[in-house]
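Enquirer: I would like to see how this sequence folds:
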Amino acid sequence: MRNILFIAFLIFVFSLHAKQIEVCATCTIKSLKKAVEIAKSGDEIVVKKGFYKESNIVITKPVTIRGENNPIIDGGGLNYIFQIKSDSVTISGLKLQNVQANYTKDLAAIYISKSKYFTINNNTLSNIFFGILIEKSQYGEIKNNAISSITKQEYNSGNGIHLWNCNHMMIHGNKVSEMRDGIYLEFTSKSKIYNNISTKNIRYGLHFMFSDENEYYNNIFANNGAGVAVMFSKFIKIYRNKFVKNWGSASYGLLLKEINDAQLFDNVFDENTIGINTEGCSRINYKYNIFIRNGWAVKVSGACYANKFRNNNFISNAFNLSFNGRINDSDFDGNFWDDYAGYDLDKDGVGDVPYRPVKLFSYIVNKSPETIVLLRSLFVDMINFSEKVAPVFTPDNLLDNNPLMNQVK
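Expert: Now for the predicted structure:
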């Protein structure tokens, strides 16, 4: 509430003295950089339709820059287009293009440093190195932007939306494609990332590290080098997202590494090499997720403790679960497994015989990947049955004692 009142106060003060400055080929002011230089705090700069070759526009005062009919700002490739170093700046309705790759500086179409209460919305960014690069800032909103590039190699491409050491950010409604990482966060907390579409990025659709207490929901991560990588973070929520067709020899929908105290629910993992790959993660609740048509639905590596899988659907996956280790401290209970062959005599919707989700052949493929060619053979059915009857390579207690007979809706 205090922040809202402060913003309202700023808007009121600026509105008392604000004026509008027009920029166009036939206007008194023909240069956007010149308009920024002469603008006073609270002024609005309206950029008319046209082509403007300008770069390194440094903003050090609260102003609004608004494009009419999508004017093009061409950076010429050698520098930032905008550098924002003030609170309460808005940039909207512009087409920003041409920021070349640089091996000593993270050049971006929009660079924001030590700013508060800024808004970047309804812009189109193309052929850029980094799209929107933000550091040491808070209470910003990045919404409804379209960001893309044309580079095809990881070493000379940047991230679409990049946040470092930020908090209380809102990233929503953006479409990001063909960048290195679609959205990247590091040391960023108490933020919300939602309603974004991140596709065809070289490395990850979303990548974040050391970023606590954030929420990620209603996003689509499709056809990326890998879907989402989540590392060294805690107290996060990931829900109602779609992880789709993230294929590759080392690809996955979602990688979790050293994650603690998280909630993952209502997500869809569809046609990924690995739905979720988790390592060194503890106290994570997985519930109401759908794993469908993946190579592996879930791969659990070492040092994963006190995790709970409840009310998830496992449908048409080559392997439902891969588990690396002889000790299980995770709880699989009340999930639907489409290959469950048990019965329900009392008709309560819960199988009367526990389900063992790890197949011996899954263990063998982990050790010798080339054996995957035997996947549909009679030999595989035989060894899976033998492990089910007398577990040797998988933990004895790795069971779903209450497998559901019908899919969770």
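
Enquirer: Leu345 belongs to a helix?
Expert: No: assigned with DSSP: H, G, I helix; E, B strand; the rest coil, Leu345 falls outside any helix and is coil.

Enquirer: Return the residues in contact with it.
Expert: Counting by C-beta atoms under 8 Å, 6 or more residues apart in numbering, Leu345 touches Asp352. To be clear about C-beta, it is placed using only N, CA and C from the backbone, and glycine gets the same treatment.

Enquirer: Read off the pLDDT value for it.
Expert: We have a pLDDT of 93 for Leu345.

Enquirer: got it, and Asn219?
Expert: In the predicted model, Asn219 carries a pLDDT score of 98.

Enquirer: burial of it, as a residue count?
Expert: The local packing of Asn219 (other C-beta atoms under 10 Å) involves 27 other residues.

Enquirer: ditto for Leu321
Expert: Residue neighbour count, defined by other C-beta under 10 Å, stands at 25 for Leu321.

Enquirer: Next, the nearest residue to it once chain neighbours are set aside: phi, psi?
Expert: The shortest distance from Leu321 to any non-neighbouring residue, by C-beta to C-beta, 6 or more residues apart in numbering, is to Pro357 (4.1 Å). Dihedral angles of Pro357 (phi, psi; degrees, to the nearest 10) stand at phi -80, psi -20.

Enquirer: mind checking how far Pro357 is from Ile259?
Expert: Separation of Pro357 from Ile259 (C-beta to C-beta, to the nearest Å) stands at 21 Å.

Enquirer: Mind listing residues that contact the strand ranked longest in the chain?
Expert: Using DSSP state E, we find that the single longest strand of the chain is strand 254-265. Under the criterion C-beta under 8 Å, 6+ apart, residues 226-239, 243, 267, 269, 275-289 lie in contact with strand 254-265.

Enquirer: Can you select the buried ones among the residues you listed for me in PyMOL?
Expert: For the buried members of the contacts of strand 254-265, the matching PyMOL selection, counting by 16 or more other C-beta atoms under 10 Å, is:
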select buried, resi 226+227+228+229+230+231+233+236+238+239+243+267+269+275+276+277+278+279+280+281+282+284+285+286+287+288+289
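
Enquirer: Now, the contacts of strand 254-265 that are in strands?
Expert: Among the contacts of strand 254-265, the ones falling in strands (DSSP E) are 226-234, 237-239, 243, 269, 275-279, 282-287.

Enquirer: What is the burial count for Asn317?
Expert: The number of residues packed near Asn317 is 22, by other C-beta under 10 Å.

Enquirer: Go ahead and confirm it touches Gly275.
Expert: Yes: if you go by C-beta atoms under 8 Å, Asn317 and Gly275 touch, sitting 7.4 Å apart.

Enquirer: ok, now how distant is Tyr155 from Tyr103?
Expert: 9 Å.

Enquirer: ditto for Ile171
Expert: Going from Ile171 to Tyr103 by C-beta to C-beta gives 27 Å.

Enquirer: Neighbour count for those two, which is higher?
Expert: Set side by side, Ile171 and Tyr103 show more neighbours around Ile171, with 29 against 6, by other C-beta under 10 Å.

Enquirer: Report the set of residues contacting both of Asn317 and Gly275.
Expert: Common neighbours of Asn317 and Gly275 (criterion: C-beta under 8 Å, 6+ apart): 291, 294, 296-297.

Enquirer: out of those residues, which are inside helices?
Expert: Using DSSP state H to define helices, no part of the shared contacts of Asn317 and Gly275 is located there.

Enquirer: Any quick PyMOL command for the buried ones out of the residues you listed?
Expert: Selecting only the buried entries of those in PyMOL, with 16+ other C-beta under 10 Å as the criterion:
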select buried, resi 291+294+296+297
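
Enquirer: what's the most distant pair in the shared contacts of Asn317 and Gly275?
Expert: Spatially, the most separated pair among those is Phe291 and Trp296, at 9.0 Å (C-beta to C-beta).

Enquirer: list residues touching both of the two?
Expert: With C-beta under 8 Å, 6+ apart, Phe291 and Trp296 have common neighbours 275, 317, 320.

Enquirer: Is the last one in a helix, a strand, or coil?
Expert: What that stands for is Asn320. Recorded secondary structure, Asn320: strand (three-state DSSP).

Enquirer: Give me the pLDDT for the residue lying closest to Gly77 once chain neighbours are set aside.
Expert: The shortest distance from Gly77 to any non-neighbouring residue, by C-beta to C-beta, 6+ apart, is to Gln100 (3.8 Å). You'll see Gln100 listed with a pLDDT of 89.

Enquirer: what's the neighbour count on Gln100?
Expert: Gln100: 15 neighbours (other C-beta under 10 Å).

Enquirer: wait, what's in contact with it?
Expert: 77-78, 107, 129.

Enquirer: Show me the two of those that sit farthest apart.
Expert: With C-beta to C-beta as the measure, no two of the contacts of Gln100 lie farther apart than Leu78 and Phe129, at 10.8 Å.

Enquirer: Arg356 and Pro395 touch, don't they?
Expert: No: the pair Arg356 / Pro395 is not scored as a contact, 9.9 Å apart, by C-beta under 8 Å.

Enquirer: Please identify which of these two sits among more neighbours.
Expert: A count of neighbours by other C-beta under 10 Å puts Arg356 above the other of Arg356 and Pro395, at 23 against 16.

Enquirer: tell me the helices in the stretch 301-409 of the chain, going along the chain?
Expert: Applying DSSP state H, counting those that start in this stretch to the stretch 301-409 of the chain gives helices spanning 360-367, 378-389.

Enquirer: An error on my part: the question was meant for the stretch 1-150 of the chain.
Expert: In the stretch 1-150 of the chain, the segments counted as helices under DSSP H, counting those that start in this stretch are 2-17, 32-38.
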